[in-house]
Structure formats: C-alpha cells, structure tokens
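*Asks:* Sequence below, structure please.
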Amino acid sequence: MCCRYYMEESPDLKPYVDRAMSSPLRESIITKLGRPLKVSGEICPTDIAPVIAPSRKVGIATVFPMAWGFTNPRGGSPLVNARSETACDKPFWREAWKKHRCIIPASYYLEWEHFTAPDGKRMTGQKYMLQPKGSPVIFLAGLYGMEENIPVFTILTREPSEDIAFIHDRMPVVLPGDAAKQWVNPNVKPEEIIGAAITDMFYDKFGE
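*Replies:* Predicted coordinates for the structure are as follows:
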C-alpha cells in the first residue's frame, strides 16, 4: 500500500518540479479542482503533483501535473493504488497497464506500521519513511488516465521485501532510473520491466 509520499526541496527533484510548474496544463487543473500543485512536503491522495508520462509524441517522457486517485466506480475513496499482480487482468486497469503508464518522482514514501492488537483488531503504529538504499530519489511506478479532462494517477503496489514486511504487507513498485524511463514508453511491454523493481530499501522512523 502507498497512500503518502514525500517530496523534499532538493536539486534531485528540481527538474521535475520546474517542468510541472511550467506545464500548460497547470493552470487549468488548478482552476478546475480548486487545489494547488504540490511540489514539496507530504503528498496525499487527491493532491496535484508532478508525474512523468509520455507526451503525444510516443516515447518522449514529459512531466505533467496530475491528481492522485482515480474516481472509484463503486463510490467512496479514490483509487490511489492498484495491485501490480492483477492490473493487467482487471477491466478497470487493463488499458492503462498496456498504454498509460507513468512514474511518480519523490524523495521517499511513507507508511505506518500495521499490527494486530491482542484483541484481534488491526492497528497502526509508528510512521516510517522508506527509499531505495543509496538513492536520494525514488521512482514509483504508476498508471494514469483522464477524467473530465483532468489527468489522474494511481501507484502500483506489490508484496514487500522481507525486511520491511513488518511495516506493511504491501509496498509500492519502485523502479531504478533506467527501468523508470522504459516504463513510460507505451511500446514496451510492462511485464518486461516490472521484474526490475527495487526491494532493497532503507527505512527510518519519520518525524523523530
């Protein structure tokens, strides 16, 4: 699961921030949704944030402002995550999986430790920050679409690596730089890329 990530004001993320800020879509999205483009701090569902996706010229990666979360056809909360194991087969995600893939750049993602209390209830505890070891930027694999001329995105998840499974039973799909570039190319089969996902993660308590 991934329902929070964080963007630091860093030189590593600045190119993505600058491109999103100068995007022709920026003003129209902000006006329609009545929310600002967030380029630093904690990014939450429904926020507008920088996302890397192919432009109309196939294979050319561009940064667009997009809102986090597809509208849930069953009502309720937006769909901010999709399971990478089943997205290719689910009617709702199938087309995006094939041709509408994106990358969400961030400094790290955030997750609360989930555990079972003595009475059997599922509880949340410590909040953690997680990122690939030795990397100041994390590239989260996602899918995007258009809803009433507003670009929206979701983050793909997978089973976690063994060393972070105590935090949560899901983690986002994190791709290395080269694989991230290929991920947004609609002419590349996603099944050939997703196996390169990073699972060797650094984690630390957040906010302490």
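*Asks:* Next, name the residue at the spatial heart of the chain.
*Replies:* Centroid-nearest residue in the chain: residue 155, 3.7 Å away (criterion: Cα atoms, centre = their mean).
*Asks:* What is the burial count for residue 76?
*Replies:* 8 (other Cβ atoms under 10 Å). In short, each C-beta sits where N, CA and C put it, glycine included.
*Asks:* Could you check how far it is from residue 94?
*Replies:* Note on residue 76: its distance to residue 94, by Cβ to Cβ, to the nearest Å, is 21 Å.
*Asks:* Equivalent analysis for residue 63, please.
*Replies:* Taken as Cβ to Cβ, the span from residue 63 to residue 94 is 26 Å.
*Asks:* Counting neighbours, go ahead and name the busier of these two.
*Replies:* Set side by side, residue 63 and residue 94 show more neighbours around residue 63, with 21 against 12, by other Cβ under 10 Å.
*Asks:* for stretch 139-159, how far is the first residue from the last?
*Replies:* End-to-end distance for stretch 139-159, by Cα to Cα, to the nearest Å: 17 Å.
*Asks:* ok, now stretch 78-94?
*Replies:* End-to-end span of stretch 78-94 (Cα to Cα): 18 Å.
*Asks:* could you point out where the protein is predicted with low confidence?
*Replies:* 1, 57-59, 208 (pLDDT under 70).
*Asks:* As a check, name the ranges of all strands in it.
*Replies:* All strands of the chain, identified by DSSP state E, fall at 5-7, 41-43, 48-54, 61-68, 81-83, 101-106, 108-116, 122-132, 138-147, 150-158, 171-172, 174-175, 201-205.
*Asks:* residues in contact with the second one?
*Replies:* Applying Cβ atoms under 8 Å, 6 or more residues apart in numbering, the set of residues contacting strand 41-43 from outside is 4, 5, 6, 7, 49, 68, 106, 110.
*Asks:* Please apply the same query to the longest one.
*Replies:* Contacts of strand 122-132 from elsewhere in the structure, counted by Cβ under 8 Å, 6+ apart, are 6, 107-117, 138, 164, 167, 171, 174, 176, 198, 200-207.
*Asks:* who's in contact with the residue lying closest to residue 110 once chain neighbours are set aside?
*Replies:* The shortest distance from residue 110 to any residue other than its chain neighbours is 3.9 Å, reached at residue 4 (Cβ to Cβ, 6 or more residues apart in numbering). Listed by Cβ under 8 Å, 6+ apart, the contact set of residue 4 reads 42, 43, 44, 109, 110, 111.
*Asks:* residues touching the fourth one, list them.
*Replies:* Which is residue 109. Residue 109 neighbours (Cβ under 8 Å, 6+ apart): 2, 4, 5, 6, 129, 130, 131, 138, 140, 172.
*Asks:* For the closest residue to the first one other than its chain neighbours, give its distance to residue 6.
*Replies:* It stands for residue 2. Excluding the flanking residues, the one nearest residue 2 by Cβ to Cβ, 6+ apart is residue 172, at 4.1 Å. Between residue 172 and residue 6 the distance is 13 Å, computed by Cβ to Cβ.
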